[in-house]
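Student: Give the three-dimensional model of this entry:
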Amino acid sequence: MLKVALTKGRIEKKVTTMLEKLGYDVTSMINKNRELQINVEDKMEIIFAKSNDVVTFIEHGIVDIGIVGSDTLLENSFKNYYELLDLEIGKCSFAVCSYPEYKNIKLNRRKRIATKYPNVAKKYFESKDEDVEIIKLEGSVELGPVVGLTDAIVDIVETGATLRANGLEVIEKITDVSTRLICNKTKFKYKKEEILNLIDLIENNNR
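Tutor: Numbering: from 1, shown residues only. The predicted model follows:
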């Protein structure tokens, strides 16, 4: 039986649909209520966790595989895992967003950027040789420009509806984001066949 850490919420729902299409009986996933750990038939033991915790469980060998957004992998310095497959679900992107006039803005100070992802933002602006002040916000980062705290934001954009509702737009795309299947390096040695069989099943279904 494969032990799986699955990101709760939107990814969980999409993976449930994916597993059902692969022929798994996902009744236990659909009816889990507040359970944090369930079995799918006798094939998978699934732990439902927040995204950062999914990778923590992978790094410590608590589970064999993890299903998590690449945004989490890009923002953090996790190391003890292999990225085995892009599941191509939960697609969105990191982007710099602001008011349209940001494109031509000239300041006598560093630009201020609001984000939940300071490492992603830092790497992006360093790649452009721009020295900016990064301000971490935990809630709606769109508020940064709206209330005048920052000049722009770096955030995940899917439909752009929240941006448009606040008069903001995508200034520049940074990179694509999607859901990835990752594996603990040591566990892969011992459960290689089971893990690769699952990957083959997923890839064959997507053809």
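
Student: what residues does the top helix by length along the chain touch?
Tutor: As assigned by DSSP state H, the longest helix anywhere in the chain is helix 192-205. Here helix 192-205 makes contact (CB atoms under 8 Å, 6 or more residues apart in numbering) with 2, 18, 21-22, 64-65, 84-85, 87, 181, 183, 187-188. Just so you know, the C-beta spots here come from the backbone N, C-alpha and C atoms, and that holds for glycine as well.

Student: quick one: contacts for Ile46?
Tutor: Contacts for Ile46 (CB under 8 Å, 6+ apart) come out as 4-6, 29, 37-40.

Student: Check Asp64 too.
Tutor: 2-4, 183-184, 187-188, 191, 194-195.

Student: Let me see the confidence value for Glu130.
Tutor: What the model reports for Glu130 is a pLDDT of 93.

Student: Give the closest residue to it in space, chain neighbours not counted.
Tutor: Once flanking residues are discounted, Glu130 sits nearest to Lys111: 7.2 Å by CB to CB, 6 or more residues apart in numbering.

Student: what separates the one you found from Asn119, distance-wise?
Tutor: Lys111 sits 18 Å away from Asn119, going by CB to CB, to the nearest Å.

Student: to the chain's geometric centre, what's the distance from the helix or strand encompassing Val120?
Tutor: Secondary structure from DSSP states H and E places Val120 in helix 118-127. Counting by CA atoms, centre = their mean, to the nearest Å, helix 118-127 is centred 17 Å from the centre of its parent chain.

Student: Stretch 67-75 now?
Tutor: Its chain's C-alpha centre and that of stretch 67-75 lie 4 Å apart, by CA atoms, centre = their mean.

Student: Arg180 is in contact with Leu85, correct?
Tutor: Yes: between Leu85 and Arg180 a contact is recorded at 6.9 Å, counting by CB atoms under 8 Å.

Student: re the thing from before, may I see the contacts of Ile46 arranged in TSV, with secondary structure as well?
Tutor: Formatted as TSV, these follow (DSSP: H, G, I helix; E, B strand; the rest coil):
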residue	secondary structure
Val4	strand
Ala5	strand
Leu6	strand
Met29	helix
Gln37	strand
Ile38	strand
Asn39	strand
Val40	strand
